[in-house]
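>>> okay, here's the prediction I keep looking at, along with the sequence it came from:
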Amino acid sequence: MLTSPIYGIIPPLLIVSAFILPLISIFIKSKKFYDLYALLINIVVLMLSIIILIDVYKAENPIIYPFGGWPPPIGIVYEIDRLNGFLGFVAVFVMFMVVLYSWWYTGEMDEKSIAYYYTLLLGLEAGVTGCIYTGDAFNLFVMLEVLSISAYGLVAFYRNKPQAVEASIKYSMVGIIATALYFFAVILLYGAYGTLNMADLALKSRAQSLGLSMFMDWFTLSGGFYGDIVATTAVALAIAFWAFMVKSALFPNHFWLLDAHPEAPAPVSAILSGVVVNVGIYAVIRFVYTIFGQESVLGGLRNAFGIVFIVLGGLGAVITALLMAVQKDVKRLLAYSTVQHVCLIYMALGTGIVYPEASGVVLAATMLHILNHSIGKSMLFMSTGVLIRIANSRDIDRLIGSGRIAPIAGLATVIGALHLLGLPPLAGFFSKLYMYNAYLSVNQPILAILLVLATAISVMGYAKLLIMGVAKPLRKIEVDVKSLPTISASLVLTIMTVSCIVISILLLSIPYIPISNLWDKLMVVAKDATNFNSYISSFINAWQSILGVK
């Protein structure tokens with residue numbers, strides 16, 4: 001167990017940076033300064049996330065950082081294993097790319113709006129990283145609020161547009177209900193277990209199966225149980241999972257996303273799809289696989305949650321693929337694409353719950369698909385953001401040919417579409433292939449058919465993106481030089497395009513490349529999601545070390 005401040009500094013650093021920026025803007029009114037400020041903060045955060053990922057991958061057990069030196073479960077701790085170390089890095093990488101892209105995108109904004117924009121952007125990043133790294137269920141609620149408030153403001157960034165304000169109001173109303181219900185679930189868990197530390201919950205939920213009940217008062221500082229913990233846990237998780245499904249936009253809880261994506265600025269849409277939805281998915285994985293996974297008090301009730309995920313994921317993937325095909329607004333098309341991929345992820349997660357023997361492969365495939373979707377979808381929103389600026393329209397028919405005017409953006413749109421569609425040898429194909437094989441391994445050909453069917457139907461939607469990127473324009477496009485991407489935007493799209501290709505290469509076993517085979521690394525990440533023994537051991541070692549208890 002390591003307790004260096006480096007493991008707990010990212011969210012506080014981002015929060016402080018966000019709060020300081022409005023004060024700085026009183027004295028410094030320079031777009032270049034705001035751009036550089038946000039970029040430097042994100043460079044530091046990116047480097048820290050890389051160090052954390054490397055450290056947790058090498059460590060045998062999760063790393064715990066106790067804030068203020070307070071031992072868990074009394075104090076708030078961050079408990080970082082390979083699962084949230086990996087997802088934290090993915091989130092920070094996408095945010096870094098978005099900030100660099102924003103140098104170009106915010107070019108025509110006034111200084112006051114840019115300071116407001118970066119303040120909310122840093123606040124959102126703080127909420128995302130706090131949700132992912134935290135080891136406390138209540139702190140997860142707090143960071144969800146930080147994330148959500150920032151997201152509501154960013155969706156309504158174009159506050160002179162009634163549609164943007166309306167989308168933000170819809171998003172905030174649904175989000176407030178979701179976070180309030182999660183808070184209620186937290187109250188139920190605290191009432192039953194007397195603790196909100198995630199590792200402590202994982203320990204207590206397995207007290208009977210692990211034969212630890214007689215020692216409970218000795219090695220936890222949170223006391224015993226209260227009431228019917230099985231019923232309370234089931235109700236609390238049902239409420240919490242609904243909140244997480246809203247946050248991750250799982251069908252049919254996706255309606256907020258369909259307005260938020262089109263009306264938000266392109267980089268914000270990239271964050272909502274490439275980063276924010278992952279928070280809800282991560283929370284579900286942590287609760288259903290680590291905290292209340294196998295051998296917990298839930299027992300067979302876990303299968304009920306798994307079946308719900310499979311049904312909603314399978315139906316949603318097909319329905320949203322059909323809806324993609326009829327969209328004329330490119331950002332709304334991408335919004336439906338996001339919902340479809342979230343549905344595919346939940347269908348896989350549900351399969352891993354119902355069929356524990358396949359959980360390793362399923363979770364590894366899920367991690368790969370989250371990576372593929374985060375990179376591919378955020379790239380698509382940014383590349384189409386360039387094309388929208390050029391054509392001054394979100395209408396797909398009017399965007400045809402814009403890819404030839406901005407070839408880097410056009411190429412990124414084509415690669416991104418093929419990547420998410422799953423055309424071999426791009427990495428999107430491999431994550432779907434691993435899911436497909438996992439379904440067949442547990443004798444569920446219907447799920448495999450749903451995966452193939454949803455992918456096949458989505459071709460009609462992705463074909464529109466391909467036409468935008470390569471076809472000749474149907475009409476003359478008057479190009480404003482100011483709308484063309486600058487070096488920063490082109491660099492971002494190039495890096496994201498190359499990233500899609502690199503991920504594909506790393507899935508192959510190549511001698512002398514240490515991070516290849518990527519699939520083996522993801523299998524290790526998946527193992528941490530279900531390794532509750534390691535998660536609990538780090539918790540026990542932490543408080544014993546801090547209190548000097550042997």
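Great, that's in hand. The structure displayed is predicted, hence computed values, not measured ones. Numbering: from 1, shown residues only.

>>> contacts, neighbours, all on C-alpha from now
Will do.

>>> these two touch, right, P22 and T119?
Yes. At 7.2 Å, P22 and T119 qualify as touching, with contact defined as C-alpha atoms under 8 Å.

>>> more crowded one of these two?
Each of P22 and T119 has its neighbours counted (other C-alpha atoms under 10 Å); T119 has more, 23 against 16.

>>> can you tell me the SS state at the closest residue to the more buried one other than its chain neighbours?
Nearest non-adjacent residue to T119, counting by C-alpha to C-alpha, 6 or more residues apart in numbering: A18, 4.7 Å away. Look at A18: counting by DSSP: H, G, I helix; E, B strand; the rest coil, its state is helix.

>>> using the three-state scheme, assign the nearest residue to I457 once chain neighbours are set aside.
In this structure, I457 finds its nearest non-sequential neighbour in A321, 5.7 Å apart by C-alpha to C-alpha, 6+ apart. The three-state label for A321, taken from three-state DSSP, comes out as helix.

>>> what sits against A321?
For A321, the contact set (C-alpha atoms under 8 Å, 6 or more residues apart in numbering) comprises Y336, S337, Q340, A454, T455, I457, S458, G461.

>>> the second one sits in which helix or strand?
Same thing as S337. helix 330-354 (DSSP states H and E).

>>> beyond that helix, next helix or strand please.
Following helix 330-354 in sequence, per DSSP H and E, is helix 359-391.

>>> how far away from the center of its chain is the helix or strand that that next one is followed by?
Downstream of helix 359-391, the next assigned helix or strand under DSSP H and E is helix 396-399. Centroid separation between helix 396-399 and its chain, computed with C-alpha atoms, centre = their mean, to the nearest Å, is 30 Å.

>>> now do helix 396-399: which elements does it pack against?
When contacts are defined as 3 or more C-alpha pairs under 8 Å, 6 or more residues apart in numbering; DSSP states H and E, helix 396-399 packs onto helix 359-391, helix 445-470.

>>> where in the chain is pLDDT low?
1-3, 208-223, 473-483, 509-516, 548-550 (pLDDT under 70).

>>> report the central residue of it.
N278 (1.8 Å; C-alpha atoms, centre = their mean).

>>> for L257, see how far away that residue is.
Between N278 and L257 the computed distance is 14 Å (C-alpha to C-alpha, to the nearest Å).

>>> which helix or which strand is home to the residue lying closest to S4 once chain neighbours are set aside?
In this structure, S4 finds its nearest non-sequential neighbour in Y65, 7.1 Å apart by C-alpha to C-alpha, 6+ apart. For Y65, the host element (DSSP H and E) is strand 63-66.

>>> pull the CA atoms of that strand into PDB?
Presented in PDB, the C-alpha positions along strand 63-66 are these (Å, rounded to 0.1, in the frame of the first residue of the first chain):
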ATOM      1  CA  ILE A  63      -3.400   1.800  -3.600                       C
ATOM      2  CA  ILE A  64      -5.200   3.700  -0.800                       C
ATOM      3  CA  TYR A  65      -4.800   7.400  -0.100                       C
ATOM      4  CA  PRO A  66      -6.400   8.600   3.200                       C
END
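
>>> the following helix or strand past that strand - contacts with which helices or strands?
For strand 63-66, the succeeding helix or strand toward the C-terminus, using DSSP H and E, is strand 77-80. Using 3+ C-alpha pairs under 8 Å, 6+ apart, the elements in contact with strand 77-80 are strand 63-66, helix 111-133.

>>> which residues of the stretch 401-550 of the chain fall in helices?
Ranges of helices in the stretch 401-550 of the chain, per DSSP state H, counting those that start in this stretch, are 402-405, 407-421, 427-441, 445-470, 487-506, 518-530, 532-547.

>>> check contacts around the residue nearest to F19 when sequence neighbours are not counted.
Spatial nearest neighbour of F19, chain neighbours left out: T119 (7.1 Å); criterion: C-alpha to C-alpha, 6+ apart. By C-alpha under 8 Å, 6+ apart, T119 lies in contact with S17, A18, F19, L21, P22.

>>> and the helices and strands packed on helix 396-399, which is most packed in?
Across the helices and strands packed on helix 396-399, averaging neighbours per residue (mean count of other C-alpha atoms under 10 Å) puts helix 359-391 on top, at a mean of 26.

>>> now that helix, how far from the centre of its chain.
So, by C-alpha atoms, centre = their mean, the centroid of helix 359-391 is 10 Å from its chain's centroid.

>>> same question, stretch 80-98
From the chain centre to the centre of stretch 80-98 is a distance of 9 Å (C-alpha atoms, centre = their mean).

>>> kindly format the C-alpha coordinates of that stretch as PDB.
The C-alpha atoms that make up stretch 80-98 are tabulated as PDB, following Å, rounded to 0.1, in the frame of the first residue of the first chain:
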ATOM      1  CA  ILE A  80      -7.300   2.900  -6.800                       C
ATOM      2  CA  ASP A  81      -6.800  -0.400  -8.500                       C
ATOM      3  CA  ARG A  82      -6.200  -1.300 -12.100                       C
ATOM      4  CA  LEU A  83      -9.900  -0.800 -13.000                       C
ATOM      5  CA  ASN A  84     -10.300   2.800 -11.900                       C
ATOM      6  CA  GLY A  85      -6.700   3.600 -12.700                       C
ATOM      7  CA  PHE A  86      -7.300   2.600 -16.300                       C
ATOM      8  CA  LEU A  87     -10.600   4.500 -16.600                       C
ATOM      9  CA  GLY A  88      -9.200   7.500 -14.900                       C
ATOM     10  CA  PHE A  89      -6.400   7.700 -17.500                       C
ATOM     11  CA  VAL A  90      -8.900   7.300 -20.400                       C
ATOM     12  CA  ALA A  91     -11.000  10.200 -19.000                       C
ATOM     13  CA  VAL A  92      -8.000  12.500 -18.400                       C
ATOM     14  CA  PHE A  93      -6.600  11.700 -21.900                       C
ATOM     15  CA  VAL A  94      -9.900  12.600 -23.600                       C
ATOM     16  CA  MET A  95     -10.200  15.800 -21.500                       C
ATOM     17  CA  PHE A  96      -6.600  16.800 -22.400                       C
ATOM     18  CA  MET A  97      -7.500  16.400 -26.100                       C
ATOM     19  CA  VAL A  98     -10.700  18.400 -25.600                       C
END
